[in-house]
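Engineer: structure, please.
(4 chains)
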There are 2 protein chains.
Amino acid sequence: MATSTVENYLKQLYLEQRVGGGGMVAMGRVAAAMGVVPGTATSMVKALADSGLVEYEPRGGVALTRSGEQLALHVLRRHRLVELFLVKVLGLDWSLVHDEADALEHAISDQVLERIDAVLGHPTADPHGDPIPTAKGHVHEPRRMSLADCPIGSPQQVARILDQGPEFLQFVERNGLKPGTTVTVARREPAAEAVRVRVARGGEVSLGVAAAAKILVESPAPKTQ
Amino acid sequence: MATSTVENYLKQLYLEQRVGGGGMVAMGRVAAAMGVVPGTATSMVKALADSGLVEYEPRGGVALTRSGEQLALHVLRRHRLVELFLVKVLGLDWSLVHDEADALEHAISDQVLERIDAVLGHPTADPHGDPIPTAKGHVHEPRRMSLADCPIGSPQQVARILDQGPEFLQFVERNGLKPGTTVTVARREPAAEAVRVRVARGGEVSLGVAAAAKILVESPAPKTQ
DNA sequence: ATTGCTATTTTGACTAGTCAAAGTAACAAT
DNA sequence: ATTGTTACTTTGACTAGTCAAAATAGCAAT
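Structural biologist: Model (predicted):
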């Protein structure tokens, strides 16, 4: 069995590979994502390469192999199902479940995981809107626009929050921007790097474009109803 | 924070100390309970002693200190609440939850634990009838008779199963001896080391006295109704 | 093409936990 | 009182994961 350290490296590698567009991930990013010094990342990645979980190019970077990716997706499935479970069944605050899930994702057996999946009704996304990989390791990540680039004036439904930090999530919650709510971009000020958003129930919010880019949206109710 | 290895040693030490009547636990028992060679137990116990979690007497044995016991009870609380949760909320087979709980008991935060406790309605015993320590580290273990020594002919309620091995638990289940059911000892044959038990719904079962001693009972419905 | 910057790798050391195997203590028993 | 047996401890070695700090590679820029 993979240790939880190995699982964490693979998970982080998967996530970095997503944001980086699929290519090789620089060792510096790995080290930063894992919160270790660069030397540690090097030696760990070499060990992962020896296990056939990653492809490692000295001074070039690292990429998951097929089997490394499968394992990463399995970890991600556990993480996201646990997050949803903590919110839905145990009633925890959605801004706190990320860290809890980080601990639990390594301790959950397949048996327990599939029971959780069943109790939740085989959900497809976690509380932040992140897609939940299937048990077979498939994941569907629809390309979505964000509040930084979606059309202006037409109502959109919040679909996913890319920043899982408690501060950002609490900001999102305070301003009624949680996944599922409907919002409309009122206008953008490129010079000021600001986005003005009308929220479903009443208010308006201003966001920097960096923050706006972390809130993904979709055309409202494409099939619901 | 204590590592999960430390938590396991303390938990095992607590359990051994219970069965052993409260005194010092021999190092051999520690090693056996932890599934390690004796030398490993020695060095680990010395480390625990350095942390003030146990009192260690070379060639004499080991005993939990107050703080070691508190930590052990906290681990036990997590273990038993998780067991009950897995059965009640996730619908797992009660004969399997012990091993699952062994993995989860080290990954559950206090926050999650107290939510689980609340969802379960602040239970006092796990599916095997083992008492659940309180958050403050109190535990009430009533002295109970077993099927090996309770009065003959008077109905008794199964209160607790001391052997958590899947085989024994499955035997218990198959024969309707789960905690809560009412049974009556029909007779004992000391020479044959056998106990004959009448089970609530119909049947009768024969048990060896060692097995009978692992099934604790109480006088039926002492306060329930 | 030498200099300098930055990212990366190497090396050596450390901690936690473990095993194998050799050494020692305690106690019984003759 | 020497011998055995058993339980226990010690010693040395190993793995996983980490850091600090020194060495090196690659690249840019003049």
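Engineer: which residues touch A:E69?
Structural biologist: The contact partners of A:E69, taken as CB atoms under 8 Å, 6 or more residues apart in numbering or on different chains, are A:10, A:14, A:137. All C-beta atoms are positioned from the backbone trio N, CA, C, and that covers glycine.
Engineer: who's sitting farthest from the centroid in chain A?
Structural biologist: A:A191 (29.3 Å; CA atoms, centre = their mean).
Engineer: please report phi then psi for it.
Structural biologist: Per-residue torsions, A:A191: phi -60, psi -40 (degrees, to the nearest 10).
Engineer: and if you look at A:I161?
Structural biologist: Torsion angles, degrees, to the nearest 10, at A:I161: phi -110, psi 120.
Engineer: report how many residues lie close to it.
Structural biologist: 22 (other CB atoms under 10 Å in any protein chain shown).
Engineer: how about A:A186?
Structural biologist: A:A186 has 14 nearby residues by other CB under 10 Å.
Engineer: am I right that it sits in a strand?
Structural biologist: Yes. Secondary structure of A:A186 (DSSP: H, G, I helix; E, B strand; the rest coil): part of a strand.
Engineer: residue numbers of chain A in contact with chain B?
Structural biologist: A:86, A:89-92, A:96, A:100, A:103-104, A:106-109, A:111-112, A:115-116, A:119 (CB under 8 Å from any CB of the partner chain).
Engineer: identify the bridge partners of the nearest residue to A:E141 once chain neighbours are set aside.
Structural biologist: The shortest distance from A:E141 to any residue other than its chain neighbours is 5.6 Å, reached at A:P131 (CB to CB, 6 or more residues apart in numbering or on different chains). Per DSSP bridges, the residues bridged to A:P131 are A:A125.
Engineer: past the biggest helix by length in chain A, which element shows up next along the chain?
Structural biologist: If you go by DSSP state H, chain A has its longest helix at helix A:66-88. Where DSSP states H and E defines the elements, the next helix or strand beyond helix A:66-88 is helix A:97-104.
Engineer: anything in that next one sitting right up against DNA strand D?
Structural biologist: No. Applying CB under 7 Å from any atom of the strand, one finds helix A:97-104 separated from DNA strand D by no less than 12.9 Å.
Engineer: neighbouring contacts of that helix?
Structural biologist: A:78-80, A:82-83, A:86-87, A:92, A:127-128, A:164, A:166, B:104, B:107-109, B:111-112.
Engineer: which residue lies nearest the spatial centre of chain A?
Structural biologist: A:D130 (5.0 Å).
Engineer: CA atoms only: put the longest helix of chain A into CSV for me.
Structural biologist: The C-alpha coordinates for helix A:66-88 follow below in CSV (Å, rounded to 0.1, in the frame of the first residue of the first chain):
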residue,chain,number,x,y,z
ARG,A,66,-1.0,6.3,-15.9
SER,A,67,-0.9,4.3,-12.7
GLY,A,68,0.2,7.4,-10.7
GLU,A,69,-2.7,9.3,-12.0
GLN,A,70,-5.1,6.5,-11.2
LEU,A,71,-3.9,6.5,-7.6
ALA,A,72,-4.1,10.3,-7.4
LEU,A,73,-7.7,10.1,-8.7
HIS,A,74,-8.5,7.5,-6.1
VAL,A,75,-7.2,9.8,-3.4
LEU,A,76,-9.1,12.7,-4.8
ARG,A,77,-12.3,10.7,-4.8
ARG,A,78,-11.8,9.9,-1.2
HIS,A,79,-11.0,13.5,-0.4
ARG,A,80,-14.0,14.9,-2.1
LEU,A,81,-16.5,12.3,-1.0
VAL,A,82,-15.3,12.9,2.6
GLU,A,83,-15.7,16.6,2.2
LEU,A,84,-19.3,16.3,1.0
PHE,A,85,-20.0,13.8,3.7
LEU,A,86,-18.7,16.0,6.5
VAL,A,87,-21.0,18.8,5.3
LYS,A,88,-24.1,16.9,4.4
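Engineer: so who does A:T184 touch?
Structural biologist: Counted by CB under 8 Å, 6+ apart, A:T184 has contacts A:153-156, A:197-198.
Engineer: cool, A:T181 as well?
Structural biologist: A:157-158, A:199-200.
Engineer: now do the helices in chain A.
Structural biologist: So, for chain A - with DSSP H - the helices run A:4-19, A:27-34, A:38-50, A:66-88, A:97-104, A:110-119, A:166-174, A:209-212.
Engineer: local confidence estimate at A:G20?
Structural biologist: Among the per-residue scores, A:G20 shows a pLDDT of 86.
Engineer: what do you get for A:P222?
Structural biologist: In this model, A:P222 carries a pLDDT of 52.
Engineer: what's the local residue count around A:G68?
Structural biologist: Other residues close to A:G68 by other CB under 10 Å number 24.
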